[in-house]
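Student: all I have is the shape, not the residue letters:
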């Protein structure tokens, strides 16, 4: 319980930072990647440009989905209820709006953060930024499958433990008794 009380604010802070930054920079990164694709593949670039809002929504949703799945499981564990997960996700969403509004009220703070947007006009950095939630989801899936396979292997090893392993011990005790009886008869 103590560990969770210390780690929970850290998880929520990281989640909020990632959700807010992703919401702020997704438009810039999607536009950058679309312009870059348009330079080499104009047909695909034009198709992407006509659907820019949908693409921004999909990438924003990917990040929010990832965080709303991972953070509650880290805080609440595997055996979490739907209402508890909803509460954590709602708290994250609420904090994103509250802090974003509070930062807008501070003179220039939001402008300083948005000043980082030109960094994402680099196509390679923008593509990396957009692919980050998908790579994390893939990594979590691979890690989960490996963990399940290891648990299954350990489980199968313990299930295959021979039931007659303790018979040897019983046989040994019977042999000792027989030897003791023989010694008694010899005396």
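Tutor: Arrived safely. Everything numeric here is computed off the predicted structure, so don't read it as measured data.
Student: mind listing the helices for this protein?
Tutor: 2-40, 42-50, 52-76, 82-105, 109-114, 123-159, 165-186 (DSSP state H).
Student: got any ranges where this protein has weak pLDDT?
Tutor: Where the chain drops to pLDDT under 70, the residues are 1-2, 4-5, 16, 19-20, 75-80, 89, 92-93, 95-97, 99-114, 157-187.
Student: and residue 49, how far from residue 41?
Tutor: 12 Å (CB to CB, to the nearest Å). To be clear about C-beta, it is placed using only N, CA and C from the backbone, and glycine gets the same treatment.
Student: cool, residue 121 as well?
Tutor: For residue 121, the distance to residue 41 - CB to CB - is 19 Å.
Student: just the buried residues of stretch 119-129, please?
Tutor: Within stretch 119-129, the residues that count as buried by 16 or more other CB atoms under 10 Å are 120, 123, 126-127, 129.
Student: TSV for those residues, including distance to residue 22?
Tutor: Shown next, in TSV, are those (distance: CB to CB, whole Å):
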residue	distance to residue 22
120	11
123	18
126	12
127	14
129	8
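Student: just the residues you listed now: which is nearest residue 74?
Tutor: Closest approach to residue 74 among the buried residues of stretch 119-129 (CB to CB): residue 129, at 22.5 Å.
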